[in-house]
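Asker: how would this look folded up:
(one chain, ligands or ions: 1)
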Amino acid sequence: MYDLIDSFLESAKHYDKDIFPFIANKKDFCEGEDSVYYSGPYWDEQEAKELIYSVLKGKWLSSGEQVANFEKQFSSKFNFKYSLMVNSGSSANLVMLHALKKFFEWNDDDEIIVCVCGFPTTVAPIIQSGLKPVFVDISWNDLNWNINTLESLITPRTRALFSSPVLGNTYDLDYVVDLCEKHKLKLISDNCDSLGSKWKDKYLTEYSIASSCSFYPAHHICTIEGGMVSSNIKEIVDISRSFAWWGRDCYCVGQQNLLYKGVCGKRFDHWLPLYDGPVDHKYVFSNMGYNLKPLDLQGSVGSIQLKKFSEIHFKRRTNKLHIQEILSSYEGVEVIKELPNAETSWFGVPVICKSKKLKTAFVEYLESNKIQTRNYFAGNILLQPGYLHLGDYSKYPEANQVLDRVFFLGCSPTINSVMINYIKKIVDRFFLDLHY
Ligand SMILES: Cc1ncc(COP(=O)(O)O)c(C=O)c1O
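Answerer: Now for the predicted structure:
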């Protein structure tokens with residue numbers, strides 16, 4: 001079948017030379033005509049082939065054996081015992097927090113400490129889980145939460161610290177792990193931007209009770225859309241799975257669904273306390289859930305992407321260093337660097353400008369020369385219309401400067417050396433011709 005797909009793809013390329021625009025470095029970069037995208041799927045024909053194969057040969061098509069395989073491979077690659085794939089990183093955060101709340105028996109309005117700057121669907125799932133976000137301002141050292149103010153925010157209702165190292169770069173994790181131990185709090189990771197990032201040779205997620213990940217095209221590995229919840233505690237992943245699978249109690253995955261008695265061995269049993277009779281476990285609902293399942297073809301692409309992870313990690317780090325080097329020649333801009341104990345798998349290159357005027361002019365110049373830039377996500381989330389009601393933005397003076405002074409450039413493996421040279425040329429031109 002793969003041979004047939006190969007020959008189909010060959011014919012398709014003759015028919016239309018622009019198929020697979022996502023294929024890395026497929027076409028020579030043409031200055032002024034092509035954009036330097038800040039990120040994109042680092043795919044080649046293998047992923048395309050796998051997608052077609054999965055659709056042609058898949059028996060169930062929705063979450064099945066390929067998703068189950070990817071979950072296992074992902075766990076083993078990143079040192080987790082258990083993982084659950086869902087349809088996005090946002091969904092991963094949602095079901096992970098629902099599951100943690102249920103597993104640890106947290107009450108409504110128990111408090112979760114989280115950075116005031118970051119991605120909106122780190123914060124929204126806290127509220128959607130009936131918990132209360134308590135915000136922390138940022139530190140200019142690494143643009144993450146200011147760890148020195150965390151302790152002052154801990155109250156008798158605090159249950160967890162929800163870490164989200166935006167752009168992949170960590171803060172002093174030892175300090176936060178000690179703080180959690182001291183106050184008996186859980187450390188949770190939104191690891192959507194930090195897949196592969198390490199602290200003292202261990203993945204950041206190895207310090208957390210549970211973590212999430214995103215496979216949206218901007219992220220380290222891409223399954224079109226997709227996300228993962230991982231933990232070493234089976235129940236946390238099982239409860240997450242239940243929330244993602246309509247709330248059902250049955251936890252069979254992939255081919256296990258074909259076992260007529262199920263993995264539990266008692267598929268048809270007296271599951272419902274108020275009903276006297278056997279019920280199929282697949283129709284027992286222990287949670288009020290959602291449907292956040294991924295497709296099997298996303299699982300199969302994930303497995304291919306995982307094999308490229310070392311290359312992706314290396315290229316992201318190399319591109320980040322090149323861009324850091326380019327900007328280091330100029331005053332008024334600073335690129336955040338990793339701490340000595342960290343090995344960051346950069347999501348992007350965080351740039352701090354000395355003034356709003358400089359940031360505005362620099363971003364405008366880069367964009368007008370087709371070099372994509374991105375906001376430091378939401379900036380202070382309390383400035384965003386959907387989040388105004390959660391608190392007073394003015395209490396976070398550092399976060400309030402983020403939209404003025406911070407942005408990021410891409411360092412994705414889809415950015416090649418020709419593009420890096422082009423970025424250098426445009427940055428040099430901006431500063432030498434004083435375009436601000
Ligand atoms: C830190 C963080 N959390 C969550 C998400 C949401 O992931 P997704 O787009 O897969 O829903 C993102 C998306 O970029 C993110 O950067």
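Asker: Which residue would be the closest one in the stretch 301-436 of the chain to the ligand?
Answerer: Ranking the residues of the stretch 301-436 of the chain by distance to the ligand (CB to the nearest ligand atom) places residue 377 first, at 6.5 Å. From N, CA and C alone the C-beta is placed, and that goes for glycine too.
Asker: so that residue makes contact with residue 122?
Answerer: No - Residue 377 sits out of contact with residue 122 when judged by CB atoms under 8 Å, with a separation of 9.1 Å.
Asker: What residues does the stretch 51-200 of the chain have near the ligand?
Answerer: When proximity is defined as CB under 6 Å from any ligand atom, the stretch 51-200 of the chain approaches the ligand at 88-90, 93, 118-119, 121-122, 164, 166, 190, 192-193.
Asker: residues in contact with the residue of the stretch 301-436 of the chain closest to the ligand?
Answerer: 117-120, 166 (CB atoms under 8 Å, 6 or more residues apart in numbering).
Asker: Which two of those have the greatest separation?
Answerer: Checking the contacts of residue 377 against each other with CB to CB, the farthest-apart pair comes out as 120 and 166, at 12.0 Å.
Asker: Comparing the two, which residue is more hemmed in?
Answerer: The residue with more neighbours, out of residue 120 and residue 166, is residue 166; 26 against 14, by other CB atoms under 10 Å.
Asker: Skipping its backbone neighbours, what lies nearest that one in space?
Answerer: Distances taken as CB to CB, 6 or more residues apart in numbering place residue 118 nearest to residue 166, at 5.2 Å, with adjacent residues excluded.
Asker: Pull the contacting residues for that neighbour.
Answerer: So residue 118 contacts 164, 166, 190, 377-378, 381 (CB under 8 Å, 6+ apart).
Asker: Do a quick rundown of the strands in the stretch 151-300 of the chain.
Answerer: 158-163, 186-190, 198-199, 202-203, 210-214, 227-231, 268-269, 279-280 (DSSP state E, counting those that start in this stretch).
Asker: Might you list the low-confidence residue ranges for the stretch 1-150 of the chain?
Answerer: For the stretch 1-150 of the chain, residues meeting the criterion pLDDT under 70 lie at 21-27.
Asker: Repeat the analysis, applying 80 as the threshold.
Answerer: Within the stretch 1-150 of the chain, the stretches with pLDDT under 80 are 17-27.
Asker: Point me to the residue of it nearest the ligand.
Answerer: residue 89 (2.6 Å).
Asker: How many neighbouring residues does that residue have?
Answerer: 26.
Asker: show me the contacts for it.
Answerer: Applying CB under 8 Å, 6+ apart, we find residue 89 in contact with 121, 190, 192, 212-216, 219, 226-227.
Asker: Need the max-distance pair from these.
Answerer: Top of the distance list for the contacts of residue 89 (CB to CB): 190 and 226, 15.1 Å.
Asker: can you map out the helices along the protein?
Answerer: Using DSSP state H, the helices of the chain run over 2-15, 45-57, 65-77, 89-103, 120-128, 147-150, 173-183, 234-244, 296-307, 309-327, 356-368, 402-405, 417-432.
Asker: ok, and what's touching the first one?
Answerer: Residues external to helix 2-15 that are found in contact with it (CB under 8 Å, 6+ apart): 19-20, 45, 48-49, 52-53, 56.
Asker: are any of those buried, and which?
Answerer: 20, 48-49, 52-53 (16 or more other CB atoms under 10 Å).
Asker: could those residues be laid out in JSON lines, adding distance to residue 284?
Answerer: Converted to JSON lines, those look like this (distance: CB to CB, whole Å):
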{"residue": "20", "distance to residue 284": "44"}
{"residue": "48", "distance to residue 284": "40"}
{"residue": "49", "distance to residue 284": "39"}
{"residue": "52", "distance to residue 284": "37"}
{"residue": "53", "distance to residue 284": "34"}
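Asker: now, the most widely separated pair of those?
Answerer: Counting by CB to CB, the most remote pair of these is 20 and 53, 15.7 Å apart.
Asker: how close does the most centrally placed residue in the chain get to residue 225?
Answerer: Central residue of the chain (CA atoms, centre = their mean): residue 192, 1.6 Å from the mean position. Separation of residue 192 from residue 225 (CB to CB, to the nearest Å): 12 Å.
Asker: same check, this time on residue 92
Answerer: When residue 92 is compared with residue 225 (using CB to CB), they lie 11 Å apart.
Asker: more neighbours, the two?
Answerer: Neighbour totals were compared for residue 92 and residue 225, and residue 92 leads with 33 against 18 (other CB under 10 Å).
Asker: That one contacts residue 213, doesn't it?
Answerer: Yes - using CB under 8 Å, residue 92 makes contact with residue 213 at a distance of 6.4 Å.
Asker: what do those two both touch?
Answerer: 192, 227-228.
Asker: ok, these vs residue 291, which is closest?
Answerer: residue 227 (14.1 Å).
Asker: OK, contacts around that closest one?
Answerer: Contact partners of residue 227, counting by CB under 8 Å, 6+ apart, are 85-93, 192, 212-215.
Asker: could you redo the last one with a cut-off of 10 Å?
Answerer: Shown in contact with residue 227 (CB atoms under 10 Å, 6 or more residues apart in numbering): 84-96, 121, 192, 212-216, 219, 244, 292, 294.
Asker: If we ignore the residues flanking it in sequence, what's nearest it?
Answerer: residue 92 (3.6 Å).
Asker: List the residues that contact that neighbour.
Answerer: 83-86, 121, 125, 190-192, 210-215, 226-230, 240, 244, 292.
Asker: make it 6 Å
Answerer: Residues near residue 92 by CB atoms under 6 Å, 6 or more residues apart in numbering: 86, 212, 227-229.
Asker: Could you do residue 374 as well?
Answerer: Going by CB under 6 Å, 6+ apart, residue 374 touches 38, 408.
Asker: any idea how far residue 266 is from it?
Answerer: 51 Å.
Asker: Read off the pLDDT value for the most far-flung residue of the chain relative to its centre.
Answerer: Centroid-distance maximum for the chain: residue 276 at 44.8 Å, with CA atoms, centre = their mean. Note for residue 276: predicted pLDDT of 96.
Asker: Dihedrals phi and psi, it?
Answerer: phi -90, psi 90 (degrees, to the nearest 10).
Asker: what's the distance between it and the ligand?
Answerer: Separation of residue 276 from the ligand (CB to the nearest ligand atom, to the nearest Å) stands at 43 Å.
Asker: which among the contacts of residue 89 end up buried?
Answerer: So, by 16+ other CB under 10 Å, the buried ones in these are 121, 190, 192, 212-216, 219, 226-227.
Asker: Enumerate every residue touching the residue lying closest to residue 172 once chain neighbours are set aside.
Answerer: By the measure of CB to CB, 6+ apart, the closest residue to residue 172 outside its immediate chain neighbours is residue 147, 6.1 Å from it. Neighbouring residues of residue 147 by CB under 6 Å, 6+ apart: 171, 175-176.
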